[in-house]
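**Q** The following block contains a protein sequence and its predicted model.
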Amino acid sequence: MINMTNREFVRLVRQAYREMPDQVIQALDNVDVVVEEWPGPDEEDLLGGEGTLFGLYSGVPLIDREGGDPMLPDRIAIYRQPILRSCSSRTEAEHEIKVTLWHEIGHYLGMSEDDLHRLGYG
């Protein structure tokens, strides 16, 4: 486990976002990216007791949308404590933040878990 302030963690999430290809950033519309300390009980249940949840996309993937934009923004949560507790260095945390953010954005774009694993973001 490493120690990192919330401010520094948020800065690393923003950095990972800025490093995405321009075409991906341009495809993001009506999406909030937030940092939370921990997933709630309902979010943890999604894993069925296996693994640790580092992030979660909530919304309707782009490829499944019909008609206009949704009224509420889609949401990507990045969970600070699970990431920090699983990493032993700042470099490892930076990598995990990037992989987690890109993984959840992949879900927003309509990618499956298999797609994301093939791309190295599983």
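**A** Ah, there it is.
**Q** tell me which element D32 is part of?
**A** With the criterion set as DSSP states H and E, the secondary-structure element containing D32 is strand 31-36.
**Q** what helices or strands is that strand leaning on?
**A** Identification of packing neighbours for strand 31-36 by 3 or more Cβ pairs under 8 Å, 6 or more residues apart in numbering; DSSP states H and E yields helix 6-18, strand 74-79. Backbone N, C-alpha and C define where each C-beta goes, glycine included.
**Q** Does anything pack onto the next helix or strand after it? Which helices or strands?
**A** Using DSSP H and E, the helix or strand that follows strand 31-36 in sequence is helix 41-45. Helix 41-45 sits against no helix or strand, with contacts defined as 3+ Cβ pairs under 8 Å, 6+ apart.
**Q** so what's P82 up against?
**A** 38-39, 52-54 (Cβ atoms under 8 Å, 6 or more residues apart in numbering).
**Q** An error on my part: the question was meant for Q26.
**A** Counting by Cβ under 8 Å, 6+ apart, Q26 makes contact with nothing.
**Q** Looking at it now. What's its pLDDT?
**A** At Q26 the predicted local distance difference test score is 90.
**Q** ok but it is inside a strand, no?
**A** No: secondary structure of Q26 (DSSP: H, G, I helix; E, B strand; the rest coil): helix, not part of a strand.
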